[in-house]
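Requesting a structural model of the entry that follows:
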Amino acid sequence: MGAAREVGRSAFQVNCDGVSFLLDYGVELGREPSYPMKVSPQEINAAIITHAHLDHSGNMPSLFSHGSTDVYATPPTFDLSRLLIEDMVRLEKEGLPYAQAEVSKMMLHAKEIGYKEKITRGNASFELRESGHVLGGASVIVESQGKKLFYTGDINPRGSRMLREADLDLGEIDMLITESTYSQTDQMDRRESERKFVEFAYEVLDRKGTLFVPAFSVERSQEIAVVLKNAGFKHKVIMDGMAIKVNEIMLRYPEYLRDAKVFADSVNHAVWVRGESERRKMLGEPAVIISPAGMLVGGSAVFYLQNLALDKRNGIALVSYQGEGTPGRKLLETGKVSIRGKELKAESEVRQFEFSGHADRTSLFEMMKKIQGNPKVLTIHGDNESCTKFAEEIHEKFGFDAHAPEAGEVVTV
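So this is what the prediction gives:
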């Protein structure tokens, strides 16, 4: 119902002979938000949010405009989803198919579950498995009448400094719905990315500049803080914007982290900025400033960009995915920034570093090797080429019946 040959608006309806589950219901945020195909809450027995990112969670409240259903996720996923969705409601105002009332209603129907906790509805059941992508993030197993479906959601089989590896102990499966985001590209080794990022931070601060790191508020901002602490970074680290609220949520769920002490030490070591007056003070001395939004679309990142981009001593480290048409992509490709309505050349040094929370090509194929059984495979959550080529390669290498579905396609197993 979404994320077919595209990234964004993930949604999959699984029908099990009388029982129906909705796996994710997201939005695609561009100049105008776009949504998956419509589903009525009366059609489904339960909805599941795999993780908090808006392309998976952001349309879930619309189910509560004319009805209701039970919504399942891990406790941190609900806390983080609510934070991101309420922020979107505040920013979009008129553009959404729901308002704050529907978000509140969704939370009244929220059912918190842990990993490997089986939920049964009629002749079908589902359970969540650790995905290694964001705090509380999950993949989903659906079972019915002796058949088993595995939906990866967004997955990182290797985990990260903050998160454990994905749980791929699945047994034999009959259908696999897999993300394909980076199926055609390998990323730089994570340790190498970290080393180059820390080197750049020292270069900028050694010349008495400030390093600005626009980063997604959920996970990426915190990971950058962990990387700096782990490297024994000697200078001041500042965190700002929604990343502060995310820090507070993540500190409440130590059991979902790879190493809760390392995480707490890293984010607590940073200076947390709250409000405009504190923000202005932070510009006075060299530091690393981590602040959303990761693609420079709004948030406190705009304040820092406007104040730091025109001084050649400063640096800007892009550590998040830069979507087409975003100010971050424009900065990367043209070196230009918009400051108070004017297009100007950025004087600060701009570099990009790979810190993706998704599986890359190598780890997607490592995951495929662990798949048991002879499943039908649907490749989703990638651009057209990533989905279609990945399906061809899966068929070639593993012999599985694989293809990249279109939105609205029905596949039976």
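
can you list the domains in the protein?
In terms of domains, the chain is parsed into 11-185+357-403, 190-352 (source: automatic domain parsing).

ok, Pro41 - how many residues close by?
Here the count is done by other Cβ atoms under 10 Å, and Pro41 has 18 residues near it. (Glycine included, C-beta is placed from N, CA and C.)

The residue nearest to it when sequence neighbours are not counted: what's it in contact with?
If the residues on either side of it in the chain are set aside, Pro41 comes closest to Gly67, at 3.8 Å by Cβ to Cβ, 6 or more residues apart in numbering. Counting by Cβ atoms under 8 Å, 6 or more residues apart in numbering, Gly67 makes contact with Ser40, Pro41, Gln42.

Specify which member of those is nearest to Val410.
Lowest distance from Val410 to these (Cβ to Cβ) belongs to Ser40, with 16.8 Å.

In a markdown table, list the domains of the chain along with distance to Val410.
Listed next are the domains of the chain as a markdown table, based on distance: least, Cβ to Cβ, whole Å:
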| stretch | distance to Val410 |
| --- | --- |
| domain 11-185+357-403 | 9 |
| domain 190-352 | 30 |
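
would you list these in a markdown table and tack on distance to Arg5 and mean pLDDT?
Output for those, formatted as a markdown table (distance: least, Cβ to Cβ, whole Å; pLDDT from 0 to 100):
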| stretch | distance to Arg5 | mean pLDDT |
| --- | --- | --- |
| domain 11-185+357-403 | 4 | 95 |
| domain 190-352 | 15 | 93 |
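
for Gln184, what are its contacts?
Arg361, Glu385, Ser386, Lys389, Phe390.

what do you get for Ser57?
Asp24, Tyr25, Gly26, Ile49, His51, Thr77, Ser81, Leu84, Ile85.

what do you get if the cut-off is 7 Å, keeping everything else the same?
Listed by Cβ atoms under 7 Å, 6 or more residues apart in numbering, the contact set of Ser57 reads Gly26, Ile49, Ser81, Ile85.

Most neighbours out of these, which is it?
Most crowded among the contacts of Ser57, counting by other Cβ under 10 Å, is Ile49 at 31 neighbours.

So that one sits against Met60, correct?
Yes: counting by Cβ atoms under 7 Å, Met60 is a contact partner of Ile49 at 6.2 Å.

all strands in the stretch 301-413 of the chain, in order from the N-terminus.
Along the stretch 301-413 of the chain, counting by DSSP state E, counting those that start in this stretch, strands occupy 315-318, 336-339, 342-345, 349-352, 376-380, 402-403.

Enumerate the positions of the longest one that are buried.
Taking 16 or more other Cβ atoms under 10 Å as the neighbour-count basis, strand 376-380 is seen to contain the buried residues Lys376, Val377, Leu378, Thr379, Ile380.

Skipping adjacent residues, who's closest to the second one in space?
Taking Cβ to Cβ, 6+ apart, and ignoring the residues beside it in sequence, Val377 has Ala402 as its nearest neighbour in space, at 3.7 Å.

Go ahead and confirm that neighbour touches Lys389.
No: using Cβ under 7 Å as the test, Ala402 is too far from Lys389 to be in contact (10.8 Å).

And those two? Which one has more around it.
Ala402 (22 against 16).

Secondary structure class of Val226, three-state.
helix (DSSP: H, G, I helix; E, B strand; the rest coil).

Report the contact partners of the residue lying closest to it once chain neighbours are set aside.
In this structure, Val226 finds its nearest non-sequential neighbour in Ser266, 4.3 Å apart by Cβ to Cβ, 6+ apart. Applying Cβ under 7 Å, 6+ apart to Ser266 gives the contacts Ala225, Val226, Lys229.

from those, which single one is nearest Phe150?
The closest of the contacts of Ser266, once distances to Phe150 are taken by Cβ to Cβ, is Val226, at 29.5 Å.

dump the residue contacts of that closest one.
Per Cβ under 7 Å, 6+ apart, neighbours of Val226: Arg161, Met162, Val262, Phe263, Ser266.

repeat that with 10 Å
Val226 makes contacts with 160-162, 194, 257-259, 262-263, 265-267, 269, as judged by Cβ atoms under 10 Å, 6 or more residues apart in numbering.

Give me the common contacts of Ala402 and Lys389.
Thr379.

before we move on, the earlier item: could the contacts of Gly67 go into TSV alongside secondary structure and distance to Tyr304?
Putting the contacts of Gly67 into TSV (DSSP: H, G, I helix; E, B strand; the rest coil; distance: Cβ to Cβ, whole Å) gives the following:
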residue	secondary structure	distance to Tyr304
Ser40	coil	44
Pro41	helix	41
Gln42	helix	47
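
Let me see the contact set for Met242.
Leu83, Leu84, Asp87, Phe216, Ser217, Val218, Ser221, Ser291, Pro292, Ala293, Gly299, Ser300.

ok, so of these, who is nearest Gly315?
Closest to Gly315, out of all of those and judged by Cβ to Cβ, is Ser291, at 14.2 Å.

what about that closest one, how many neighbours?
Count around Ser291 with other Cβ under 10 Å applied: 28.

what does Tyr115 give?
Neighbours of Tyr115 using other Cβ under 10 Å come to 15.

Surely it is within a helix?
No: the assignment for Tyr115, made by three-state DSSP, is coil rather than a helix.

how far away is Glu112 from Val19?
21 Å (Cβ to Cβ, to the nearest Å).

who has more neighbours, the two?
Each of Glu112 and Val19 has its neighbours counted (other Cβ under 10 Å); Val19 has more, 19 against 14.

who are the neighbours in contact with that one?
Per Cβ under 10 Å, 6+ apart, neighbours of Val19: Ile44, Asn45, Ala46, Thr120, Arg121, Gly122, Asn123, Ala124, Ser125, Phe126, Val142, Ser144.

for Asp265, same thing?
With Cβ under 10 Å, 6+ apart, Asp265 has these contacts: Ala225, Val226, Lys229, Asn230, Asp259.
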